[in-house]
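Asks: mind looking at a prediction? Sequence and model below.
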Amino acid sequence: MKQNEIIMVAKMSFRNLGRHHVKTIITSLAIAISVALYIFLDAWILGMNIDSRRNIVVYEMGAAKIQTQAYFNKKDELPMYESFTDWRKVSDVLEQNGYISAPRFVFSGTMYSRTGSAPLVFNAVNPNKERKLLRYPDYIDAGSFIRPGERGIVIGFNAAEKLRVGIPQRPDTKEFETELLTAATNDEERQFIHSLYVPYNNTSKKKKAFATEETDSSQENRLVLRDDVTSDMIQRFWNLLSATGRMNVRISTTIDIKALPERIKTDKFNREIVPLFRKKDLELLNLVYEKDPLIDEYILTNAEDKTKQKVLSRLLEADYNGAVKHVNQLIDAVIVGVINSPNPKTNANIAYLPIDTLQTETGLMLNNHITELLIRSASANDSDLPGKSESAQAILSVLQNSSVSKRFNEKNNDTPTLQVYYWEEYAKDFLAVAAGDNISTKVMIFFLFLLSFLGIANTMLMAILQRTKEIGMLRALGMTEAQLMLNYILEAALIGLIGSSVGIIIGCLINIPMVNIGVDYSAVTDALDGDIGYRIASRFKSVWNISTIVASFFIATFLSGCMAILPTLRALRMPVTETLRFE
């Protein structure tokens, strides 16, 4: 087909848009809505994903962790006995190579306050190193962050609400009178406490979507902390409440210590222990245990520590319960602050306390052991996700070419083998949710586009049927089938082009406030106790996805043109004489 013929056909297609302007507008509008929704939802989901990933790294765990392989394999159980020591040497090597590191000892337990209890995950941390690596210490809602050497604890906002510690945001009148006002020692302090709260008036406040329903009577008997309360006023109120013992808590936990059983019954030894060892390893077992000739038991011998360690490691690998001793422990502490960060994970049932206070018998008898070492590049920007230099492979390469390389060698049998794990290994719950949402969004958008393009196909079919006689006349005048096919393909493609262009404009206009201002999700997260599947506690912003915007333009235009092929072929199969008589 010659160039002048193509130009002629293109002009004819353009004129057809004006001749049938009603159908053009309706069909273009359907495409525009689909494209605009696709751009909006894609930017929305992408924004939530990026914010969540950033919040995991910045507030939760850094770019990577160093743990023993045995700990990682059982990480959901928080096996404190799979800890390691000599972490300072590893930390020094990382610092020399441009990384920041922060040690942690993670354990679970139950925290008891004066009025309640809650199961929590406790992170024993080095406060100074933690501040350098993570940003949640900057989001202390009330009180202050923990200090080295002090038996203080900071807990998440949701945990504080359950335990009724800290400063309540919306106390009922009974709690206000019996627990808050009693902190005052004189009239001036009573007036000060009264000035912090105002009656909760449901009629004067716009009810948030997803907010939990409350009865009218409970609304009338509830107070709310004023929005204009200053940090100095909060700190003064905190000190008053702390003086009453409201912040005093007790932690009930279990210290897990890996150790070989001193005595094992013969039948139990033969039934549970022996099958765990291969024939060539039974010699090791016989060196560590010997049968008592007087009683029906196997007794631990005075074998070498290295031999005992090999037997113990085999029992632990096989999850033999008798290889771990459990010692109950109670730890008294004081709540010194409440966390309310952009990451709901740090605001949930989680607590942070100084690791140096848990080293002795009054703590967890740590003896400088930790369960993990968090890592981040010293030059990392909080707004950026970890780069190549922060990958597990890059960090491991640095460590394997240093003075601590032996600790990261799997052939080393003297101490537990350490390994570097990337943050994504610990964020599989979020990544699974994000992947599922991404697929469901794509499916929804696919059906939206499908409906739009079925509408285009229907529009083109009706248009071609109405113009069948016209097609016959054009063919009779010498217009080829290829020219007619191009004519209707171009007409449909132009409809798609107009619709996609309008859709892109609408989608971008909707996205401008979403990108610059964002959406406040606090009502949703409050109603769901902070867990919406994403690591977002309050506000998040959409993100411009230029590739999606450009792709939607070309895909919508291309598919629109394709929708004209079948109806046109149907009309072209009819003989010219029959099309001229078509009514």
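Replies: Cool, got the structure.
Asks: next, give phi and psi for residue 291.
Replies: phi -80, psi 130 (degrees, to the nearest 10).
Asks: just the one 4 residues further on next, same as before
Replies: Backbone torsions of residue 295, given as degrees, to the nearest 10, read phi -120, psi 160.
Asks: what's the neighbour count on it?
Replies: Counted by other C-beta atoms under 10 Å, the residues lying close to residue 295 total 11. Quick note: C-beta positions are derived from backbone N, CA and C, even for glycine.
Asks: check contacts around it.
Replies: Residues near residue 295 by C-beta atoms under 8 Å, 6 or more residues apart in numbering: none.
Asks: what separates it from residue 272, distance-wise?
Replies: Plainly put, residue 295 is 18 Å away from residue 272 if you go by C-beta to C-beta, to the nearest Å.
Asks: for residue 514, same thing?
Replies: 60 Å.
Asks: show me where the stretch 201-350 of the chain has its helices.
Replies: Along the stretch 201-350 of the chain, counting by DSSP state H, counting those that start in this stretch, helices occupy 216-220, 231-243, 266-268, 282-288, 305-317, 344-347.
Asks: what's the most buried one of the ones you listed?
Replies: Most buried of the helices of the stretch 201-350 of the chain by mean neighbour count (mean count of other C-beta atoms under 10 Å) is helix 344-347; its value is a mean of 26.
Asks: helices or strands next to that one in the packing?
Replies: Packed against helix 344-347, as judged by 3 or more C-beta pairs under 8 Å, 6 or more residues apart in numbering; DSSP states H and E, are no other helices or strands.
Asks: could you point out the helix or strand that follows it?
Replies: Going down the chain from helix 344-347, the next helix or strand is strand 350-354, by DSSP states H and E.
Asks: what's in contact with that next one?
Replies: Counting by C-beta under 8 Å, 6+ apart, 111, 120-127, 130, 146-156, 159, 333, 339 sit against strand 350-354.
Asks: which of those residues are buried?
Replies: With neighbours counted by 16 or more other C-beta atoms under 10 Å, these contain buried members at 111, 120-127, 130, 146, 151-156, 159, 333, 339.
Asks: so how many other residues sit close to the nearest residue in space to residue 131 that is not next to it in sequence?
Replies: Excluding its sequence neighbours, the residue lying closest to residue 131 (C-beta to C-beta, 6 or more residues apart in numbering) is residue 137, at 5.0 Å. Using other C-beta under 10 Å, residue 137 has 22 other residues around it.
Asks: ok, now residue 21?
Replies: Residues lying near residue 21 (other C-beta under 10 Å) number 10.
Asks: start and end of stretch 291-300, how far apart?
Replies: Stretch 291-300 has an end-to-end distance of 9 Å (C-alpha to C-alpha, to the nearest Å).
Asks: show me which positions of it end up buried.
Replies: 297-298, 300.
Asks: which of those sits closest to residue 234?
Replies: Ranked by distance to residue 234 (C-beta to C-beta), the buried residues of stretch 291-300 are led by residue 300 at 56.5 Å.
Asks: Provide a list of residues in contact with that closest one.
Replies: Taking C-beta under 8 Å, 6+ apart, we find residue 300 in contact with 260-263, 288-289.
Asks: where in the stretch 301-450 of the chain is pLDDT low?
Replies: Filtered on pLDDT under 70, the stretch 301-450 of the chain yields the residue ranges 411-415, 433-438, 440-442, 444-445, 448-449.
Asks: kindly report the same for the stretch 451-583 of the chain.
Replies: Residues of the stretch 451-583 of the chain that meet the cut-off, pLDDT under 70, sit at 452-453, 455-456, 459-461, 463, 465-467, 521-533, 537, 576-583.
Asks: residue 367: what secondary structure?
Replies: Following DSSP: H, G, I helix; E, B strand; the rest coil, we place residue 367 in the coil state.
Asks: how far away is it from residue 359?
Replies: 7 Å.
Asks: those two: which has the busier surroundings?
Replies: Set side by side, residue 367 and residue 359 show more neighbours around residue 359, with 16 against 9, by other C-beta under 10 Å.
Asks: surely that one is in contact with residue 366?
Replies: Yes - with contacts counted by C-beta atoms under 8 Å, residue 359 reaches residue 366, the gap being 5.0 Å.
Asks: report the contact partners of residue 284.
Replies: By C-beta under 8 Å, 6+ apart, the residues touching residue 284 are 277, 307, 310-311.
Asks: which of those residues lies closest to residue 90?
Replies: Nearest to residue 90 among these, with distances taken as C-beta to C-beta, is residue 310, at 24.0 Å.
Asks: what about the closest one, distance to residue 418?
Replies: According to C-beta to C-beta, residue 310 and residue 418 sit 18 Å apart.
Asks: now do the strands in the stretch 51-200 of the chain.
Replies: Applying DSSP state E, counting those that start in this stretch to the stretch 51-200 of the chain gives strands spanning 64-68, 99-112, 117-125, 140-143, 152-156, 197-199.
Asks: then the stretch 301-450 of the chain?
Replies: For the stretch 301-450 of the chain, strands defined by DSSP E, counting those that start in this stretch occupy the ranges 324-339, 350-354, 372-377, 418-422.
Asks: any chance of those strands in CSV, plus distance to residue 555?
Replies: What follows is the strands of the stretch 301-450 of the chain, written out as CSV (distance: least, C-beta to C-beta, whole Å):
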stretch, distance to residue 555
strand 324-339, 45
strand 350-354, 44
strand 372-377, 38
strand 418-422, 34
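Asks: out of these, which is closest to residue 450?
Replies: Closest approach to residue 450 among the strands of the stretch 301-450 of the chain (C-beta to C-beta): strand 418-422, 38.1 Å.
Asks: and the closest one, which strands flank it?
Replies: When sheet partners are counted by DSSP bridges, strand 418-422 sits next to strand 64-68 (antiparallel).
Asks: list the contacts of the partner strand.
Replies: Strand 64-68 is contacted from outside by 75, 82-84, 87, 90, 101, 371-375, 386, 390-392, 395, 416-423, 426, using C-beta under 8 Å, 6+ apart.
Asks: any idea how far it is from the chain center?
Replies: Between the centre of strand 64-68 and the centre of its chain there are 19 Å (C-alpha atoms, centre = their mean, to the nearest Å).
Asks: you'd agree residue 536 is up against residue 345?
Replies: No - if you go by C-beta under 8 Å, residue 536 and residue 345 don't touch, sitting 10.4 Å apart.
Asks: okay, now the residue nearest to residue 370 when sequence neighbours are not counted: neighbour count?
Replies: In this structure, residue 370 finds its nearest non-sequential neighbour in residue 103, 4.4 Å apart by C-beta to C-beta, 6+ apart. Close neighbours of residue 103, defined as other C-beta under 10 Å, add up to 22.
Asks: residues contacting residue 103?
Replies: Contacts for residue 103 (C-beta under 8 Å, 6+ apart) come out as 87, 91, 125-126, 129, 355, 370, 372-374.
Asks: name the nearest of these relative to residue 487.
Replies: residue 374 (64.8 Å).
Asks: surely the closest one meets residue 104?
Replies: Yes - judged on C-beta under 8 Å, residue 374 makes contact with residue 104 at a distance of 6.5 Å.
Asks: show me whatever sits in contact with both of those two.
Replies: What both residue 374 and residue 104 touch, as defined by C-beta under 8 Å, 6+ apart, is an empty set.
Asks: and residue 55, what pLDDT?
Replies: We have a pLDDT of 90 for residue 55.
Asks: gap between it and residue 430?
Replies: Plainly put, residue 55 is 10 Å away from residue 430 if you go by C-beta to C-beta.
Asks: tell me the domain ranges of this structure?
Replies: 3-58+429-580, 256-326 (automatic domain parsing).
Asks: distance-wise, check the closest residue in space to residue 130 that isn't next to it in sequence relative to residue 65.
Replies: Excluding the flanking residues, the one nearest residue 130 by C-beta to C-beta, 6+ apart is residue 102, at 5.1 Å. Residue 102 sits 10 Å away from residue 65, taking C-beta to C-beta as the criterion.
Asks: partners of the spatially closest residue to residue 247 that is not a sequence neighbour in the sheet?
Replies: Among residues not flanking residue 247 along the chain, residue 335 sits closest, at 4.1 Å (C-beta to C-beta, 6+ apart). Beta-bridge partners recorded for residue 335 (DSSP bridges): residue 153.
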